[in-house]
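>>> Sharing a sequence plus its predicted fold:
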Amino acid sequence: MINFSELLWKPQRLKGSELSDLDGSVAEDLDQTSELHSIPVEEVRIRPDLRIALLTDPRSPGADRFRFLRMRLRELKAAVNLRKLLITSPLPQDGKSTVALNLATALAEGGKRSVLVIEADLYHPTLAQRLELPIRPGLGECLEKGLDPLSAIRHLEPLGWYLLAAGESSANPTELLQSEALAQVLQRLSSHFDWILFDTPPVAPLTDAVSLSRHVDASLLIVRAGCTPQESVKEALAALGQKHVLGIIFNAAEGLNRLYSEYYGYYEKK
Ligand SMILES: Nc1ncnc2c1ncn2[C@@H]1O[C@H](COP(=O)(O)OP(=O)(O)OP(=O)(O)O)[C@@H](O)[C@H]1O
Ligand SMILES: [Mg+2]
């Protein structure tokens, strides 16, 4: 079972008064005339190995942790300017893409909020394959060839969110991500979405995550419990800038499942 555990937040970034009138309803309502409505829907087959806990295992600790993360992010959005979030980790395989899939699903609430995932891991893209979608031009082509990003976005159901996948450009990913075209792509997309999540490569050994962090409001650092060495976490925090990191997500932490099953068992008996 997936077990996404605690989040470490940095509430010192917010003043007490800013937290008093928090309300999830502040996220902008979808603009009915939005160009998003003309994007055809692509159906995704929801399989357990997709590990989207809210859809495959909604009563699991993992699903609950993503509801909690959604609540905290909404609170922060109400208090500070928060729309573009980088999802990265110190090392490969810490669970970035899995967290991106889950968090997008949580934030989209079945399509009530407009959420875009940008697959900015151009070296090692996995999302289209994982979601069993045909490979089509994506972010790489927008950056390399000036493709309109709105024409490359895919509307995924029943996930309820949008994907700008990496695409199949053969140009150097690091050069593409550091080109001025990225700012133009984001400018074109920003106003259409309540949330934009970037699924990125790890902070080490590439520079991509750090250069991408310059384009977002904040970063979430995924740490794989029992795997990611403490030194790598410290290095990643230093590389991104500690103030820029909104929180750390411990992925695959042990111990919560037992606690939750005791509680669920307790409530089910009632
Ligand atoms: N909490 C979890 N429990 C069990 N398996 C998990 C969990 N999180 C991720 N995985 C699995 O671990 C593998 C790596 O996860 P994922 O692809 O999300 O990591 P990543 O950080 O995006 O990797 P990369 O650095 O290669 O992009 C995948 O097979 C995924 O299904
Ligand atoms: Mg990944």
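It's in. Ligands and ions are numbered 1, 2, ... in the order given.

>>> residue ranges of the helices in the stretch 1-150 of the chain, please?
Secondary structure of the stretch 1-150 of the chain by DSSP state H, counting those that start in this stretch: the helices cover 53-56, 61-79, 96-108, 127-130, 139-145, 149-152.

>>> can I get those helices in CSV with mean neighbour count?
Just so you know, the C-beta spots here come from the backbone N, C-alpha and C atoms, and that holds for glycine as well. What follows is the helices of the stretch 1-150 of the chain, written out as CSV (neighbours: other C-beta atoms under 10 Å):
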stretch, mean neighbour count
helix 53-56, 21
helix 61-79, 20
helix 96-108, 25
helix 127-130, 17
helix 139-145, 22
helix 149-152, 18
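
>>> So for ligand 2, which of these sits nearest?
Ligand 2 sits nearest to helix 96-108 of all those, at 3.3 Å, using C-beta to the ion.

>>> just to revisit the earlier point, which of the helices of the stretch 1-150 of the chain sits closest to residue 88?
In terms of C-beta to C-beta, the element of the helices of the stretch 1-150 of the chain nearest to residue 88 is helix 96-108, at 6.1 Å.

>>> Any idea how far that closest one is from the middle of the chain?
Relative to the centre of its chain, helix 96-108 is centred 5 Å away, using C-alpha atoms, centre = their mean, to the nearest Å.

>>> just the angle between that helix and helix 61-79, please?
Relative orientation of helix 96-108 versus helix 61-79 (axes from the mean of the first three to the mean of the last three C-alpha atoms, to 10 degrees): 60 degrees.

>>> between the helices of the stretch 1-150 of the chain, which gets nearest to ligand 1?
Ligand 1 lies closest to helix 96-108 among those, at 3.3 Å (C-beta to the nearest ligand atom).

>>> what's in contact with the closest one?
2, 4, 50-55, 62, 66-67, 69-70, 73, 87-89, 113-115, 117, 121, 126-127, 130, 159-161, 194-195, 197-200, 202, 220, 222, 249, 251 (C-beta atoms under 8 Å, 6 or more residues apart in numbering).

>>> before we move on, the earlier item: could the helices of the stretch 1-150 of the chain go into TSV alongside distance to ligand 1 and mean pLDDT?
Below are these laid out as TSV (distance: least, C-beta to the nearest ligand atom, whole Å; pLDDT from 0 to 100):
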stretch	distance to ligand 1	mean pLDDT
helix 53-56	9	95
helix 61-79	7	94
helix 96-108	3	97
helix 127-130	8	97
helix 139-145	15	98
helix 149-152	20	98
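
>>> Spatially central residue in this protein, please.
The residue lying closest to the centre of the chain (C-alpha atoms, centre = their mean) is residue 100, at 3.3 Å.

>>> separation between the residue nearest to residue 89 when sequence neighbours are not counted and residue 184?
Among residues not flanking residue 89 along the chain, residue 222 sits closest, at 4.1 Å (C-beta to C-beta, 6 or more residues apart in numbering). Distance from residue 222 to residue 184, counting by C-beta to C-beta, to the nearest Å: 28 Å.

>>> Tell me which of those two has more neighbours.
Neighbours were counted for residue 222 and for residue 184 using other C-beta atoms under 10 Å; residue 222 has more, 26 against 14.

>>> Doesn't the more buried one lie inside a strand?
Yes. Residue 222 forms part of a strand when assessed by DSSP: H, G, I helix; E, B strand; the rest coil.

>>> Quick check: it touching residue 247?
No. Judged on C-beta atoms under 8 Å, residue 222 makes no contact with residue 247 at a distance of 10.1 Å.

>>> For residue 214, find the nearest of the helices of the stretch 1-150 of the chain.
Here helix 139-145 is closest among those (C-beta to C-beta), at 15.1 Å.

>>> which residues sit against the closest one?
Here helix 139-145 makes contact (C-beta under 8 Å, 6+ apart) with 118-120, 122, 147-149, 152, 164-169, 171, 173, 176-177, 179, 181-182, 185.

>>> how about the strands in the stretch 151-270 of the chain?
In the stretch 151-270 of the chain, the strands defined using DSSP state E, counting those that start in this stretch lie at 154-157, 161-164, 195-199, 218-224, 245-251.

>>> Tell me the buried residues in the second one?
Within strand 161-164, the residues that qualify as buried by neighbour count (16 or more other C-beta atoms under 10 Å) are 161, 162, 163, 164.
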